[in-house]
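Asks: Please find the sequence and the predicted model below.
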Amino acid sequence: MAAIPFQVEKYAAISAVVRACALTMSVFNRLVKSETVTKDDKSPVTVADYSAQAVVNTILAHAFPNDPIVGEEDASDLRKPEGALLRERIVELANEALTGIVADKENVNWGLGKARSSHELLDAIDRGNYAGGPVGRMWALDPIDGTKGFLRGEQYAVCLALIVDSIVQVGVIGCPNLHVDVSKPDGERGTMFVAVRGQGAQQLSLSSPYGDGIPLRISSHSPLSSIRFLESVEAAHSAHGFNARVAAVLGTSQSPNRMDSQAKYCVLSRGVEGDVYLRMPVPGMGYQEKIWDHASGALLIQEAGGIVSDSLGRPLNFGSGRTLGENFGVVATSIDIHPKIIHAIRQVQDEEKIGKF
Ligand SMILES: Nc1ncnc2c1ncn2[C@@H]1O[C@H](COP(=O)(O)OS(=O)(=O)O)[C@@H](OP(=O)(O)O)[C@H]1O
Ligand SMILES: [Mg+2]
Ligand SMILES: [Mg+2]
Ligand SMILES: [Mg+2]
């Protein structure tokens, strides 16, 4: 019998994301102020981001020693003398996660059960320093996407994707704070989203992440007047005013559904809580989107029957380095709504040019 493509990669990615999610959940309740620091770009990073990256990269290094990793965090601050306390905490947390008992897929060995030295774990974090590029295999990792959401106790996600020759082949996203049942927002939390190119997309739960799961299907029949946008919480991360003007052009009266992280892609793939994820650059910021903020989610949407492009309708290029440097904005939605959104974006941009706003 022929092997199913990317099955080992899928199970390794699920195993790594489940352990990283458990780590972040246990840290959340015990996090103290000194365990969050501000990076050079003014964004927060916590002991949970660092230790989750150490855990995922340790598992990937064991399972696929030749695969490079594009990960958000690096260990340079932790190697400095003033990083000693943070470093100790990260070593403790990462080893708890690597040696703790979590249900892994049977008959596989990801090198777990053995504690690592501080040196090994810092090197594991720095395996994420790969520059990216158009050719070959690489993993894209965001150990905590939506760190601000994590700190608020709201949505965040552990996101891992395998990219081969610029194309995302496997995408796994764990959302510890996302409700499992769309009709019960206050019900059980802890979801896992898994997509493999050509094999569909499923929602599973973090407590039972290896079964068949629920097949995901993006919503496709919303009349334009009732479509709902998904967007970032932070106005500094995506242009809320621009989204509101696109919504006005389309004539929708629904207020946007705002949440942090790639949980937006997850919610979109479930087909009920939103119809379009629109992320337009904030003028003057000069920010380039990072591949780890979109790779898993983009595949999830495609495998759920939707389409992901930039604001000009061009495919996202995951092979141009650590950023989506050749793209401008992100639009994820169903195949039938997509051209209408691209058209409305152009209309708003034209109106802005003639000074209508
Ligand atoms: N200036 C700017 N513009 C656009 N995007 C930025 C910017 N700065 C940061 N980031 C990235 O946004 C990631 C979080 O995205 P979200 O959509 O979750 O934003 S928000 O937190 O809800 O506002 C966030 O991911 P994490 O750092 O993993 O939390 C960043 O990669
Ligand atoms: Mg960050
Ligand atoms: Mg992120
Ligand atoms: Mg992050």
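Replies: Received the coordinates, thanks. Numbering: from 1, shown residues only. Ligands and ions are numbered 1, 2, ... in the order given.

Asks: which residues touch whichever residue of the chain sits closest to ligand 1?
Replies: Using CB to the nearest ligand atom, the closest approach of the chain to ligand 1 is made by Glu234 at 2.7 Å. For glycine as for every other residue, the C-beta is placed from the backbone atoms N, C-alpha and C. With contact set as CB atoms under 8 Å, 6 or more residues apart in numbering, Glu234 has these partners: Lys148, Asp260.

Asks: Is it in a helix, a strand, or coil?
Replies: coil (DSSP: H, G, I helix; E, B strand; the rest coil).

Asks: For it, give its distance to Asp260.
Replies: Shown here: Glu234 relative to Asp260, a distance of 8 Å by CB to CB, to the nearest Å.

Asks: Spit out the residues that contact those two alike.
Replies: Common neighbours of Glu234 and Asp260 are listed as Lys148 (criterion: CB under 8 Å, 6+ apart).

Asks: which bits of the stretch 51-200 of the chain sit near ligand 2?
Replies: Residues of the stretch 51-200 of the chain lying near ligand 2 by CB under 5 Å from the ion: Thr147.

Asks: residue boundaries of the strands in the stretch 51-200 of the chain?
Replies: 69-71, 137-145, 157-164, 167-179, 189-196, 200-205 (DSSP state E, counting those that start in this stretch).

Asks: so what pLDDT did the residue nearest to Leu162 when sequence neighbours are not counted get?
Replies: If the residues on either side of it in the chain are set aside, Leu162 comes closest to Val170, at 4.1 Å by CB to CB, 6 or more residues apart in numbering. As predicted, Val170 sits at a pLDDT of 98.

Asks: next one: Gln203
Replies: Listed pLDDT for Gln203 reads 98.

Asks: OK, now which residue of the stretch 1-150 of the chain is nearest to ligand 3?
Replies: Per CB to the ion, Asp145 is where the stretch 1-150 of the chain lies closest to ligand 3, at 3.6 Å.

Asks: can I get the CA coordinates of stretch 101-121 in CSV?
Replies: Presented in CSV, the C-alpha positions along stretch 101-121 are these (Å, rounded to 0.1, in the frame of the first residue of the first chain):
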residue,chain,number,x,y,z
ILE,A,101,3.2,12.4,29.8
VAL,A,102,1.1,13.6,26.9
ALA,A,103,-0.7,11.2,24.5
ASP,A,104,1.5,10.9,21.4
LYS,A,105,0.6,9.0,18.3
GLU,A,106,1.3,5.4,19.0
ASN,A,107,4.5,3.7,17.7
VAL,A,108,6.5,6.9,17.2
ASN,A,109,9.4,8.3,19.0
TRP,A,110,10.1,12.0,18.8
GLY,A,111,13.0,11.8,21.2
LEU,A,112,10.9,12.7,24.1
GLY,A,113,11.2,11.7,27.8
LYS,A,114,14.7,13.0,28.2
ALA,A,115,15.6,16.4,29.8
ARG,A,116,17.8,18.8,27.7
SER,A,117,20.6,21.1,29.0
SER,A,118,20.3,24.9,28.8
HIS,A,119,22.8,24.9,26.0
GLU,A,120,20.7,22.4,24.0
LEU,A,121,17.5,24.3,24.5
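
Asks: residues near Gly187, how many?
Replies: Counted with other CB atoms under 10 Å, residues neighbouring Gly187 total 10.

Asks: how about the residue in the stretch 101-250 of the chain that ligand 2 sits nearest to, what does it touch?
Replies: Nearest residue of the stretch 101-250 of the chain to ligand 2: Thr147, at 5.0 Å (CB to the ion). Thr147 makes contact with Ser43, Pro44, Val45, Thr46, Asp49, Tyr156 under the criterion CB under 8 Å, 6+ apart.

Asks: What subset of those residues is buried?
Replies: Buried by 16 or more other CB atoms under 10 Å: Val45, Thr46, Asp49, Tyr156, out of those.

Asks: The second one against Leu151, yeah?
Replies: Think Thr46. Yes: in this structure Thr46 lies within contact range of Leu151 using CB atoms under 8 Å: 7.2 Å.

Asks: what sits in contact with each of these two?
Replies: Residues touching both Thr46 and Leu151 (CB under 8 Å, 6+ apart) are Leu31, Thr36.

Asks: Run the chain-centre distance for the top helix by length along the chain.
Replies: When the chain is parsed with DSSP state H, its longest helix is helix 7-28. When distances are taken as CA atoms, centre = their mean, to the nearest Å, helix 7-28 is centred 13 Å away from the chain's centroid.
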